[in-house]
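Novice: sequence first, then the predicted structure, then my questions.
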Amino acid sequence: MTAAATTKRTPVKQSRFMRRALPYLLSLPALLMCIGILIPFFTAVYYSLLRYRMNLPQMKGFIWFDNYINFFGDPKFWNTVYISLTYAALTVGLELVIGLGIALLLQRPTRFNNIASILLLLPLMTAPALAALMWKLMTHPDFGILSYLLTLIGITDFKWASDPSTALFTVLLVDIWVYTPFIMILLLAGLRSLPKAPFEAAALDGVPRSFVFFRITLPMLMPYIITATLFRLLDSIQQFDIIYAMTQGGPGDKLLVFQVQAYLDFFQATNVGRSAALMIILWAITYALSNVFIKQWLKLRERAHGGA
Amino acid sequence: MYDKEKGLFEAFVAKKMSRRELLAATGKAGLTASAAGFLMTQAQTNAMAADFDWMKYKGSKLKLLLNKHPYADAMIANIESFKTMTGMDISWDIFPEDVYFDKVTAALSSGSTEYDAFMTGAYMTWTYGPAGWITDLNEYIKDPAKTNPTYNWEDMLPGLRASTSWNGVPGGELGSADAKQWCVPWGYELNNISYNKKMFDKVGVQPPKNMGEMVEVSAKLTKDLGGPYGVGVRGSRSWASIHPGFLSGYANFGEKDFNVTDGKLKAAMNTAGSKAFHGDWVKMIQDSGPKNWSTYTWYQVGTDLGAGASAMIFDADILGYFMNGGDNKEAGNLGYAPFAANPAAAAPTPNVWIWSLAMNNAGTQKDATWYFLQWATSVEHALFGARKMDFVNPVRASVWADEEFRGRIDAKYPGYLNQHDTSAPGAKIYFTAQPLFFDLTTLWSENLQKMVAKEIPVDEGLDKMAAEIDAKLAEAGLG
């Protein structure tokens, strides 16, 4: 036996100060993280209350909520709100439908389905800006493979992202290609973790498949659907890279979503005040949407645990 | 023996001997090309170093922020001569153009001292200058104690010197007596026609001489070639779509972007002349432009010409220059022509893009930085780049007069010298210098896209755009 092993351990006596301070010290890292996040946030709030263009320093001044008030009378701002919400609703809606469809097809854990689910994840591993450049080439009217395929079914001169009437459709395609796998994999995990008993009972009773899907599968899958929707909604309302890489917000102002407009305001126009105000509005919209979804998710969880 | 050959090159650099005499003498001496090149560089460095203490900041370390560009490549290829002459060390970061100016904005606005000097366009200095991010270089250029006596500032093309200086007053004339020299011109591009000679011969047309002809010729090319489109111009939603061919043609009709009265700016894009020009431009793109024009940057415009997808471009002359070389499909088939959009105009009036070098105002070794800027914009470096690299277009008159450079260009790029020499006297920035340049010019391109897409008629679009611009100017206290 070593001397160390035989030494009798005496309990460490903590001072009164340490006992009181320990909880605060333990939460200090989280507090520092929080401060690290909040400082840029409150700086942005501060800037949004300024008239501040970096190349007009003499005009800099505190204008309270004028940047926000100016937005209300600006049709371009409402266009940005409309485009951003439309883009977010369409991408999330379509990705949910397609992602759920693929997840249902791959639900049985066969070898083929497992390999297919891995392969289907590949677009998600592509940087969205690179995906946009790739699609830009594929949709080039002269040599793009997709343009060529369209000519085979008699559609010629389709202008994809360069025409105002088809630009939104084109960037939606890219978004769907990149992000549907995200929804698919979440829902696939959800489907495979559902309890088997209700489905076996329904099968024994000869319940139609559509009834099983709408009354058993979908309700049980709802927490997963809400989680996937929340993540994608937050992401797509803040879309930047796909749209900027493909059209820079054009043609005209057709795809001038929040992030693209704020980026141009800051980096191109050096209009810090307006750019910050736009970002704060985007934050408010995101916050409100998150709240709605989280409340829905909590309600579902409560119901699942036997609540009212 | 070695001293004798060295003397030959020193005599040539000192202009005591013609190029023909030098070639004959080096031939007799049996010098190889590489030995001749070495002796020439050494003679030029010695000439530059005479009567000026280039070693004053020996041991200093400078850092540059560079855009990936042939101008930067030429500078890097010759950087050893700077290091040898000054005893300074120098490093750099290079970024592709897509993100370059964001990086510059981030570095300068944060007050970072990391970079001492950086590449910029003249338009950018309308933001950087008033923001206090860059140094007025007049205090160096005009100080004989800080500037090499052979630097020869007056040798810079006058339109470029003026275009890179501004007094900071919105609407203030570029190059005015009270203007600050925000950057030093390094290389530049003017906007003319580069065209595919084979395609033009096949269709039997000549390069257009005015806007009406351009609309007609490009339509005929599109129709008769049965594949390639007639004319390539930029169209992306960006200020960069306005400044090349579009503004060059627009200015040729005497049209302006703004009227300046008593220091206040007012949009001038909705005059009858402007509407007529916009109408022609829009029709030309609709009839004979690239199908996805609204996504076209300089890159697509250039590569389409090089790949034989377009018959001509009205864009930067150096874009046509680069497409006539390398492994481009149409290398060797391209020609160049000056272009005055207005049939009544005496000469072309190309708007210019000037790659320049500027000094970070937050830098901590400004005097040493000025040594680098002097060297990089010197006659000697410009000659090196123009003769041996693709450092075109040079910004110095003496380089344009250089026989070796002209011979090289004329042999490989027929018509290039003519388009340049015809247009250079009228080449300058035709925009009004003002701090809202980027937002308002981007707005201009946005409206042009709407007109080409037939979302809004030209006349109505321009009236609405002018009203919107006037409101923005008023909001910023400029209108």
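Specialist: Done, it's in. Values in this document were obtained by computation on a predicted structure and should not be read as measured data. Numbers count the residues shown, from 1 in each chain, chains lettered A, B, ... in the order given.

Novice: can you give me how far stretch A:223-232 is from the chain middle?
Specialist: Here stretch A:223-232 is found 10 Å from its chain centre; the criterion is CA atoms, centre = their mean, to the nearest Å.

Novice: could you dump it to CSV, C-alpha only?
Specialist: Provided in CSV are the C-alpha atoms of stretch A:223-232 (Å, rounded to 0.1, in the frame of the first residue of the first chain):
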residue,chain,number,x,y,z
PRO,A,223,-43.3,17.4,-33.1
TYR,A,224,-40.7,16.4,-35.7
ILE,A,225,-42.5,18.4,-38.4
ILE,A,226,-42.7,21.4,-36.2
THR,A,227,-39.0,21.2,-35.3
ALA,A,228,-38.0,20.8,-38.9
THR,A,229,-40.3,23.7,-39.9
LEU,A,230,-38.9,25.9,-37.2
PHE,A,231,-35.3,25.4,-38.2
ARG,A,232,-36.0,25.8,-41.9
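
Novice: can you pull the buried residues of that stretch?
Specialist: A:Pro223, A:Tyr224, A:Ile225, A:Ile226, A:Thr227, A:Ala228, A:Thr229, A:Leu230, A:Phe231, A:Arg232 (16 or more other CB atoms under 10 Å in any protein chain shown). To be clear about C-beta, it is placed using only N, CA and C from the backbone, and glycine gets the same treatment.

Novice: again, but for stretch B:414-427
Specialist: Result for stretch B:414-427 [16+ other CB under 10 Å]: buried residues B:Gly415, B:Tyr416, B:Leu417, B:Gln419, B:His420, B:Thr422, B:Ser423, B:Ala424, B:Gly426, B:Ala427.

Novice: next one: stretch B:298-309
Specialist: B:Trp298, B:Gln300, B:Val301, B:Gly302, B:Thr303, B:Asp304, B:Leu305, B:Gly306, B:Gly308, B:Ala309.

Novice: return the subset of the residues you listed lying in helices.
Specialist: B:Trp298, B:Gln300, B:Val301, B:Gly302, B:Thr303, B:Asp304, B:Leu305, B:Gly306 (DSSP state H).

Novice: which of those residues lies closest to A:Gln14?
Specialist: Minimum distance to A:Gln14 across those is 69.0 Å, recorded for B:Trp298 (CB to CB).

Novice: now B:Gly175: closest residue in space, sequence neighbours ignored.
Specialist: Counting by CB to CB, 6 or more residues apart in numbering or on different chains, B:Ala162 is the residue found nearest to B:Gly175 once chain neighbours are left out, at 2.6 Å.

Novice: ok, that neighbour - contacts?
Specialist: Counting by CB atoms under 8 Å, 6 or more residues apart in numbering or on different chains, B:Ala162 touches B:Leu174, B:Gly175, B:Ala179, B:Lys428.

Novice: for the nearest residue to the last one once chain neighbours are set aside, give me the pLDDT.
Specialist: Beyond its immediate neighbours in the sequence, the residue positioned closest to B:Lys428 (CB to CB, 6+ apart) is B:Gly159, lying 3.7 Å away. Residue-level confidence at B:Gly159 comes out at 95, pLDDT.

Novice: could you dump the strand or helix carrying B:Gly159 to CSV, C-alpha only?
Specialist: For B:Gly159, the element it lies in under DSSP states H and E is helix B:158-163. What follows is helix B:158-163, C-alpha atoms only, in CSV (Å, rounded to 0.1, in the frame of the first residue of the first chain):
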residue,chain,number,x,y,z
PRO,B,158,-4.4,63.8,-67.3
GLY,B,159,-7.9,62.3,-67.4
LEU,B,160,-6.8,59.6,-64.9
ARG,B,161,-5.1,62.0,-62.6
ALA,B,162,-8.2,64.1,-62.5
SER,B,163,-10.5,61.2,-62.1
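
Novice: C-terminal to it, what's the next element?
Specialist: strand B:165-166.

Novice: ranges for the strands of chain A?
Specialist: All strands of chain A, identified by DSSP state E, fall at A:50-51, A:61-62.

Novice: could you measure the residue most central in space within chain A against chain B, distance?
Specialist: By CA atoms, centre = their mean, chain A has its centre lying nearest to A:Asp235, at 1.9 Å. Here the criterion is CB to the nearest CB, to the nearest Å. By it, A:Asp235 lies 22 Å from chain B.
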